[in-house]
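1. Predicted model and sequence follow; I will ask about them next.
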Amino acid sequence: MGTEDFNKELITYLYDEMSTEERQQFEIAMENNPELKREFENLREMRKGLAQIQDKEVMEPFFLWGKQNSDSWASMFKRKNLLMFKPFIAVAASLVIVLLIGYLTNFTITYQDQSLYIGFNKTNTKGMETTYSQEQVAAMINAEIAKNNTYIFSKLTETENNIDTRFASLEDKQNSQMIPSFAASDVVTKKELDIFLSNVRSNNLKVLQTYLQSSSVQQQDYFQAVLTEFSDYMENQREEDLRLIRRSLITLQENQQTQKEETDQMLASILTTVNDQNN
Amino acid sequence: MVETLRDIALYHSECLVEKSQKGDNHAFGKLVGLWFKRIYNVALKYFGDHDLAMEVTQRTFISVYNNLDSIKDVKSFKYWLYKVAINQCHEEERRQKRKTWFSIFQSDDAKRMEEINFQPEKEFQRKETEEIMSNILKTLPEEQKVVIIMKEYEGMKFREIAVTLGISENTAKSRLYYGLKSLRKTIENSGLNLEYK
């Protein structure tokens, strides 16, 4: 057996790839050949040295499993680092741009007195729809009631005048009816006078009752109308506020989307440039 | 017929390769996850450098992805994968040599080897045995280094190494023998007195 063959046998034995028979024969040969044994020991020592190098733990890169084809896979590997951070970079860049624009335009969103203000520049509450505090609403209601009272009072006065007029005319009429009898007799008895006064009183009472009933119904209708109008007004104002907020949020979302798309385009442009330079 | 964990892993790899060939990218992702650490460690032992090892590993899987259809027999996937990885190591080494040639200064690795050769005691005190062995392994000729890595760290049989590298078993054994001898010689010349646990 030549030296070369011996070396191969030695290696096969060292890595335990011999059959049982071959191993026994080789061990016998090694016992008889101290130089071969020393060589074996040296190689075994070297293997111990190599065993000092341990495997290292490593994480495979994060890949996106979207629309893949050969090119996208390759480019994905090449751009792995950027791709890993692309979503975060895009979000961060969008955020920075939005904040910057917000800062430059004095974009403000404030919540105060149960009201949400969204606007640019300094908050100008003059131009905004004013909202009312509880005291203001109470004052408005009181003012409306006072106005209503004035109206009722004027109506009452008017009605009273009408009643007076009608009463006067009725009295004249009755007088004209009674006067002939009085005139015929020229003497008014106490009984006739009592009957006359009793009629007058009962008529007055009926008129007053009618007036009060009519007035009460009118006042009730008016007050209901005022409350209904006020309720409608508040409802409309609330809807208008909500519409304004919704519109503002949609605009904000559109701006963010635009900024994100622009950032993506910029990143894609940078990647293309870098790839071109590398190629 | 699968028997050992290693066989199960290989069988799993073969299934994943078949699925990947049919366009299942999720399966390819699993395949990468299964083999990434092994290929990374082969490259790491080849170069002794994390960044280069990562670069080679990723290039390997790009190549695997692009050439999945060329695998006719999925049972040979393991050998084919190692072959791709070794080729990528060779290419990367050539790239590094070109860079070094154009560079005015020596690479860090070359400097490190000089330190080992000329200041062994100092180096030994400063570095762990593992790092020294790793650096010495890097100095071996490519063909010997590859066989040592495949045999010592990947646990491949000589037959498997021969299939992977397209050489005979005897050539593989011969390269391994001279590789180990060369390592020992380098250590002796460096004056290092390594004690292994």
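-> Everything's here; your move.
2. where's stretch A:163-179 relative to the chain centroid, distance-wise?
-> With C-alpha atoms, centre = their mean, to the nearest Å as the basis, stretch A:163-179 stands 73 Å off its chain's centre.
3. Could you pull up the mean pLDDT of that stretch?
-> Averaged across stretch A:163-179, the pLDDT comes to 77.
4. hey, where'd the helices end up in the stretch 51-200 of chain A?
-> A:70-78, A:80-104, A:134-185, A:190-278 (DSSP state H, counting those that start in this stretch).
5. For those, give me JSON lines that also has mean neighbour count.
-> The C-beta positions use only the backbone N, C-alpha and C, and glycine is treated the same way. Formatted as JSON lines, the helices of the stretch 51-200 of chain A follow (neighbours: other C-beta atoms under 10 Å in any protein chain shown):
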{"stretch": "helix A:70-78", "mean neighbour count": "16"}
{"stretch": "helix A:80-104", "mean neighbour count": "14"}
{"stretch": "helix A:134-185", "mean neighbour count": "12"}
{"stretch": "helix A:190-278", "mean neighbour count": "12"}
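6. if we compare those helices, which one ends up closest to A:Glu57?
-> Across the helices of the stretch 51-200 of chain A, A:Glu57 has its closest neighbour in helix A:80-104 (18.6 Å, C-beta to C-beta).
7. just to revisit the earlier point, and chain B, which of the helices of the stretch 51-200 of chain A is closest to it?
-> Of all the helices of the stretch 51-200 of chain A, helix A:70-78 sits nearest to chain B, with 4.7 Å by C-beta to the nearest C-beta.
8. do the longest helix anywhere in chain B and chain A meet at all?
-> What stands out as the longest helix in chain B, according to DSSP state H, is helix B:77-102. No - counting by C-beta under 8 Å from any C-beta of the partner chain, chain A has no neighbours in helix B:77-102; the shortest distance is 12.2 Å.
9. give the contact list for B:Gln21.
-> B:Gln21 makes contacts with B:Leu68, B:Asp69, B:Ile71, as judged by C-beta atoms under 8 Å, 6 or more residues apart in numbering or on different chains.
10. Give me the distance between it and chain A.
-> Per C-beta to the nearest C-beta, to the nearest Å, B:Gln21 is found 13 Å from chain A.
11. Same check on B:Ser70?
-> For B:Ser70, the distance to chain A equals 13 Å [C-beta to the nearest C-beta].
12. And that residue, how far from A:Lys155?
-> Going from B:Ser70 to A:Lys155 by C-beta to C-beta, to the nearest Å gives 102 Å.
13. One more: B:Ile149?
-> In terms of C-beta to C-beta, B:Ile149 sits 109 Å off from A:Lys155.
14. picking that back up, CSV for the helices of the stretch 51-200 of chain A, including distance to A:Asn7?
-> Formatted as CSV, the helices of the stretch 51-200 of chain A follow (distance: least, C-beta to C-beta, whole Å):
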stretch, distance to A:Asn7
helix A:70-78, 42
helix A:80-104, 44
helix A:134-185, 102
helix A:190-278, 46
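15. Ok, which of the ones you listed comes nearest B:Ala27?
-> When the helices of the stretch 51-200 of chain A are compared by C-beta to C-beta, helix A:70-78 sits nearest B:Ala27, at 13.2 Å.
16. Mean confidence (pLDDT) on that closest one, please.
-> Rounded mean pLDDT across helix A:70-78 is 52.
17. go on, stretch A:58-66?
-> What stretch A:58-66 shows for mean pLDDT is 60.
18. By mean pLDDT, flag the weakest helix or strand of chain A.
-> Using mean pLDDT, DSSP states H and E, helix A:70-78 stands out as the lowest-scoring helix or strand of chain A, at a mean of 52.
19. Find the helix or strand that the most centrally placed residue in chain B is a member of.
-> What sits nearest the mean C-alpha location of chain B, by C-alpha atoms, centre = their mean, is B:Val42, with 2.8 Å. Remark: B:Val42 resides in helix B:25-47, with elements defined by DSSP states H and E.
20. Repeat that for B:Gly179.
-> Here B:Gly179 is assigned to helix B:169-190, by DSSP H and E.
21. what helices or strands is that helix leaning on?
-> For helix B:169-190, the packing partners by 3 or more C-beta pairs under 8 Å, 6 or more residues apart in numbering or on different chains; DSSP states H and E come out as helix A:3-14, helix A:34-50, helix B:108-118, helix B:129-138, helix B:142-148, helix B:158-165.
22. ok, now how distant is the closest residue in space to B:Lys138 that isn't next to it in sequence from A:Ser94?
-> Spatial nearest neighbour of B:Lys138, excluding adjacent residues (C-beta to C-beta, 6 or more residues apart in numbering or on different chains): B:Gly48 at 4.8 Å. From B:Gly48 across to A:Ser94, the span is 42 Å (C-beta to C-beta).
23. And the buried ones among the contacts of B:Gln21, selectable in PyMOL?
-> To isolate the buried members of the contacts of B:Gln21 in PyMOL, using 16 or more other C-beta atoms under 10 Å in any protein chain shown:
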select buried, chain B and resi 68+71
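24. Could you dump the contacts of B:Gln21 into a markdown table and include pLDDT?
-> Converted to a markdown table, the contacts of B:Gln21 look like this (pLDDT from 0 to 100):
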| residue | pLDDT |
| --- | --- |
| B:Leu68 | 89 |
| B:Asp69 | 89 |
| B:Ile71 | 88 |
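25. Inside helices: which ones of the contacts of B:Gln21?
-> Using DSSP H, no member of the contacts of B:Gln21 sits in helices.
26. okay, B:Lys45: pLDDT?
-> pLDDT at B:Lys45 comes out at 90.
27. How about it, nearest residue that isn't a chain neighbour?
-> In space, B:Lys45 is closest to B:Ile149, 5.0 Å off (C-beta to C-beta, 6+ apart).
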